[in-house]
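Chemist: Next input, structure requested:
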Amino acid sequence: MKLIVLPGDCIGPEITDAAMAVLSAVNGARGLGLAFDHDIVGLESLEKHGSTLREGLIARLPSYDGIILGPNHGAIYPPASEGGINYSAYLRTKLDLYANIRPARTPPGKHPHTANPFDLIIVRELTEGHYADRNMHEGVADLMVTPDVAVSLRKVTRFACERIARRACELAMTRDKRVTVVHKANVLKRGDGLFLESARAVAKEFPEITMDDVIVDAMAAWLVRAPERFDVVVTGNLYGDILSDLAAELSGSLGLAGSIMAGDDLCAAQAQHGAAPDIAGQDKANPTSMILSVAMLLEWLGARRGRADLTQAASAMTKAVDQVLADTARCTADMGGSNGTAAFGAAVAREAIQ
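Modeler: So this is what the prediction gives:
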């Protein structure tokens, strides 16, 4: 089984190295037989090849079992016509990585921003919605009608709504069998109405599932007030982007939240946060999100390939992260500790093979 590692921009190489230290330790100790190729995307690729994402690399990616993808600093990329492709967004549509799975849970013994511990998962549709660079066959859906009038369009299809709802229900069947659909169908009656209607139709395929729905603004309030009431939350692209960041921060830090972008046949692990250029190269970044994202990739591969050893390795990595986070002294500075990025990764690697 072969994975490709693409570290990305700014803190990407640092957090990816830390995650790879953990994965390599587990791979060797458990004899998983994983092999790794390494390549470049983002600013390094732009400098060397004139593009942040080369066509040749895109063509190779489906041949791998999984992708480990670092964050991008797309805000400073040149236009796509000059090689500045937002590789994260582009790969979601090009490889049909339509399901963004974003868990948010309080680490054992630590829940500083909430009254009670919680453990929920936000399932976000990735290929449609109010994202102008990924919902049109050609061109973008963010238009300037006149210099003073902008019009933004979104695409919502029954097909995409049903398949993301189905992934959410399947995930809920492995947990508490509860799904919450987040929408704004009281105002966006057609687009969000279609999303809600599709989710309810899919829920009929899962009679053990209890499904409710919450309007998005109320959901933001409920996440702050009582996140423990939720289990699996399914929503569209924009709402999921915002709410998953909120849920992650409530768990302690955006840097604690793992994330995968999954299709039917391919999955990419990518930290939920951005590239953090202000601390790049300083060994300060918290690599927890990247480590947990890689663990999620192993779990996804274990389920898809029927390999219990990968599932068990994923569990060991997650448990190791919890053990290190429980010891403040071994945490990175943002969590009150004194470890740098590399030292944190090394500490998790040691725990993972105990």
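Chemist: Low-confidence stretches in the chain?
Modeler: Counting by pLDDT under 70, the ranges of the chain that qualify are 109-115, 132-137, 139.
Chemist: residue ranges of the helices in it, please?
Modeler: According to DSSP state H, the chain carries its helices in the segments 12-30, 43-49, 55-60, 87-94, 158-173, 191-203, 216-225, 237-250, 288-305, 308-325, 341-352.
Chemist: just how off-centre is stretch 344-354 within its chain?
Modeler: For stretch 344-354, the distance from its own C-alpha centre to the chain's C-alpha centre is 22 Å (C-alpha atoms, centre = their mean, to the nearest Å).
Chemist: could I get it in PDB with only the CA atoms?
Modeler: Output for stretch 344-354, consisting of C-alpha atoms alone and laid out as PDB, is shown next (Å, rounded to 0.1, in the frame of the first residue of the first chain):
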ATOM      1  CA  PHE A 344       5.700  16.900  20.100                       C
ATOM      2  CA  GLY A 345       5.600  14.500  17.100                       C
ATOM      3  CA  ALA A 346       8.400  12.400  18.600                       C
ATOM      4  CA  ALA A 347       6.600  12.200  21.900                       C
ATOM      5  CA  VAL A 348       3.400  11.000  20.200                       C
ATOM      6  CA  ALA A 349       5.500   8.500  18.100                       C
ATOM      7  CA  ARG A 350       7.000   7.000  21.300                       C
ATOM      8  CA  GLU A 351       3.500   6.600  22.900                       C
ATOM      9  CA  ALA A 352       2.100   5.100  19.800                       C
ATOM     10  CA  ILE A 353       4.400   2.100  19.800                       C
ATOM     11  CA  GLN A 354       4.300   1.400  23.500                       C
END
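Chemist: shift numbering so it begins at 18
Modeler: In the new count, where the first residue is 18, that last one comes out as stretch 361-371.
Chemist: which residues touch it?
Modeler: Residues outside stretch 361-371 that contact it (C-beta atoms under 8 Å, 6 or more residues apart in numbering): 34-36, 38-39, 41-43, 46-47, 303-305, 308, 333-334, 336-338, 340-341, 347-349, 354, 356. In short, each C-beta sits where N, CA and C put it, glycine included.
Chemist: what about burial for those, which qualify?
Modeler: Among the contacts of stretch 361-371, those that count as buried by neighbour count (16 or more other C-beta atoms under 10 Å) are 34-36, 38-39, 42-43, 47, 303-305, 308, 333-334, 336-338, 340-341, 347-349, 354, 356.
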